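**Q** how would this look folded up:
(chains A and B)
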Amino acid sequence: GEKVEQHESTLSVREGDSAVINCTYTDTASSYFPWYKQEAGKSLHFVIDIRSNVDRKQSQRLIVLLDKKAKRFSLHITATQPEDSAIYFCAASRHYGNEKITFGAGTKLTIKP
Amino acid sequence: NAGVIQTPRHKVTGKGQEATLWCEPISGHSAVFWYRQTIVQGLEFLTYFRNQAPIDDSGMPKERFSAQMPNQSHSTLKIQSTQPQDSAVYLCASSLLGANTGQLYFGEGSKLTVL
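**A** Reported below is the predicted structural model:
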């Protein structure tokens, strides 16, 4: 089955700098790659996603890049703010909404003042 | 919109007892997912319903775990003969099929502690 690996288990950046979280996946049939955020003591909520028909997607300060050949995708958070501190999970699925989603282990992002 | 509702929020059981967890998906959402979250294993997929029908239960420990969705407004996850290794936060999520997004909406989770 699909395996999603998140390369950084922890990441610390200074407020205002950019943060990058990298993930790789194994299933060549995966075509949908969402990201979720989990703040301390709370559940997960969706932040952004990308489908395999594009290689870049941006939503305000969030940018997702997808390299299908390398089976790699990444989340870039620009101009980081204290409220960006959380655990971020990358995930992969064969099809949005109709297949199970396999999650990575999570990256704990800390924004330093 | 109250979001996905999970009950109970916390449950403590003794080893060998049964635990039943409930999930009420967002009204109108046709897909319901169950995940288990632990520090060691991370987020593990358990099972998935679409329009109340079980679609994929590949993550379910077969012998003691079972899930049902008797109607569109709730799903249950039952664990028989609970073991300490079942201790985890059980997360339910729902999604709106047919929309131009695969976004999952997660509940707050049910924290199960097996003593």
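
**Q** low-confidence stretches in the chain?
**A** Let's take chain A. A:97-98 (pLDDT under 70).

**Q** oops, wrong one, chain B.
**A** Within chain B, the stretches with pLDDT under 70 are B:1, B:98-100.

**Q** for chain A, what's its nearest residue on it.
**A** Ranking the residues of chain B by distance to chain A (C-beta to the nearest C-beta) places residue B:102 first, at 2.6 Å. C-beta: built from backbone N, CA, C; applies to glycine.

**Q** tell me which element the residue lying closest to that residue once chain neighbours are set aside falls in.
**A** By the measure of C-beta to C-beta, 6 or more residues apart in numbering or on different chains, the closest residue to residue B:102 outside its immediate chain neighbours is residue A:96, 2.6 Å from it. Remark: residue A:96 resides in no helix or strand, with elements defined by DSSP states H and E.

**Q** from what I can see residue A:96 touches residue A:50, true?
**A** No: Residue A:96 lies out of contact with residue A:50 (C-beta atoms under 8 Å); the separation is 10.4 Å.

**Q** give me the common contacts of these two.
**A** Shared between the contact lists of residue A:96 and residue A:50 (criterion: C-beta atoms under 8 Å, 6 or more residues apart in numbering or on different chains) are residues residue A:32.

**Q** contacting residues for the residue most central in space within chain B?
**A** Relative to the mean C-alpha position of chain B, the nearest C-alpha, by C-alpha atoms, centre = their mean, is the one of residue B:34, at 3.3 Å. When contacts are counted by C-beta under 8 Å, 6+ apart, residue B:34 is found next to B:23, B:45-48, B:67, B:75, B:77, B:90-93.

**Q** and what of residue B:109?
**A** Residues in contact with residue B:109, defined by C-beta under 8 Å, 6+ apart, are A:43, B:6, B:9, B:37, B:89-92.

**Q** give me the buried subset of these.
**A** A:43, B:6, B:37, B:89-92 (16 or more other C-beta atoms under 10 Å in any protein chain shown).

**Q** of these, which pair is most distant in space?
**A** The most widely separated members of the buried ones among the contacts of residue B:109 are B:6 and B:37, with 12.4 Å between them, by C-beta to C-beta.

**Q** now stretch B:5-18, how far from the chain's geometric center?
**A** Distance, stretch centre to chain centre, for stretch B:5-18: 12 Å (C-alpha atoms, centre = their mean, to the nearest Å).

**Q** please apply the same query to stretch B:25-43.
**A** Using C-alpha atoms, centre = their mean, we find the averaged C-alpha position of stretch B:25-43 to lie 5 Å away from the chain's own average C-alpha position.
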